[in-house]
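*Asks:* no sequence for this one, just the structure:
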């Protein structure tokens, strides 16, 4: 599909959409700073009776802590409105009947896996699970390197290379994956964005066609690629990682390009 650029073109493409999926980091906020006008945007979509979901690959905190964070930012949502890369990862482990895991992740992430019935251990784990570990230590990397060299199964919540902050970018799970690849030659199976199931499982649950849904995000290789592969209308914003130059050079082209998510307010009027 050719990229839509004018407000009228974008309105025609969006006017009958039923579901809006929003990336979080870099799209709606940076760290604990909600972008100006986001609450107005969410209220506008609610007034139009649109279904809204918030997606993040960021697995450094649990779903419960994500809910608390979003509520603190002023978003009136339920935990069911949050979709994290952690969720399909946990579903996969349960389907495989895995119990003992070595989790490269924060204490917050560990708490979610423990609540879901997993044992986190460095003694004969069945699989290595890599998340966005902001509490990463060299000792953890050494343990994972040994496990991977022993050919232990290896999965990761998401592939994001960097995470945006107010000061700039910091290494995310994808950077840790790259480091471990250089050390071991091993790559993990990945469950978060751009895996299209992050969107499709919810659309199946809602009995809504992908053509009636929209994904708004700031990364071409996760948000936009996922939307394209799922058959969902894609909107790329420039408030996070992606620049116009990156879009021009990329094979992944969004359907719509906006400076920021709140530009939708003017369009949907």
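*Replies:* Nice, thanks for sending it over. All values reported here derive from a predicted model rather than from experimental measurement. Numbering: from 1, shown residues only.

*Asks:* Tell me where this structure has helices.
*Replies:* Along the chain, counting by DSSP state H, helices occupy 7-14, 38-47, 63-72, 86-95, 107-115, 138-149, 173-184, 197-206, 225-230, 244-249, 263-268.

*Asks:* Go through those helices and find the least confident stretch.
*Replies:* Note on those: lowest mean pLDDT is at helix 7-14, with a mean of 87.

*Asks:* buried ones in that helix?
*Replies:* Within helix 7-14, the residues that qualify as buried are 10, 13, 14, counting by 16 or more other C-beta atoms under 10 Å. (Each C-beta comes from the backbone N, C-alpha and C, glycine too.)

*Asks:* With stretch 144-160 instead?
*Replies:* Buried-residue list, stretch 144-160, by 16+ other C-beta under 10 Å: 144, 147, 148, 152, 153, 154, 155, 156, 157, 158, 159, 160.

*Asks:* contacting residues around it?
*Replies:* Contacting residues not belonging to stretch 144-160 are listed as 57-59, 84-86, 89, 92-93, 102, 104, 125-132, 172-174, 177, 180, 183-184, 186-194, 219, 221-222 [C-beta atoms under 8 Å, 6 or more residues apart in numbering].

*Asks:* go on, stretch 57-67?
*Replies:* For stretch 57-67, the surrounding residues in contact (C-beta under 8 Å, 6+ apart) are 24-25, 56, 69, 77-79, 82, 84-87, 89, 105-106, 108-109, 111-112, 131-134, 157-160, 163, 172-173, 192-193, 222.

*Asks:* Of these, keep whichever come out buried.
*Replies:* Buried subset of the contacts of stretch 57-67 (neighbour count, 16+ other C-beta under 10 Å): 24-25, 56, 69, 82, 84-87, 89, 105-106, 108-109, 111-112, 131-134, 157-160, 163, 172-173, 192-193, 222.

*Asks:* who does the closest residue to residue 52 other than its chain neighbours bridge with?
*Replies:* Excluding its sequence neighbours, the residue lying closest to residue 52 (C-beta to C-beta, 6 or more residues apart in numbering) is residue 20, at 5.2 Å. Using DSSP bridges, the bridge partners assigned to residue 20 are residue 52, residue 214.

*Asks:* How many neighbouring residues does residue 20 have?
*Replies:* When neighbours are defined as other C-beta atoms under 10 Å, residue 20 has 23 of them.

*Asks:* if I look at it, how far off is residue 189?
*Replies:* According to C-beta to C-beta, to the nearest Å, residue 20 and residue 189 sit 29 Å apart.

*Asks:* and if you look at residue 34?
*Replies:* Look at residue 34 and residue 189: by C-beta to C-beta, they are 34 Å apart.

*Asks:* Which residue of these two possesses the greater neighbour count?
*Replies:* Using other C-beta under 10 Å as the criterion, residue 34 and residue 189 rank with residue 34 on top: 16 against 12.

*Asks:* just checking, the more buried one touches residue 28?
*Replies:* Yes - with contacts counted by C-beta atoms under 8 Å, residue 34 reaches residue 28, the gap being 6.7 Å.

*Asks:* circling back to that earlier point, can you list which of the buried ones among the contacts of stretch 57-67 are found in strands?
*Replies:* In this view, the buried ones among the contacts of stretch 57-67 that belong to strands under DSSP state E are 56, 82, 84, 163.
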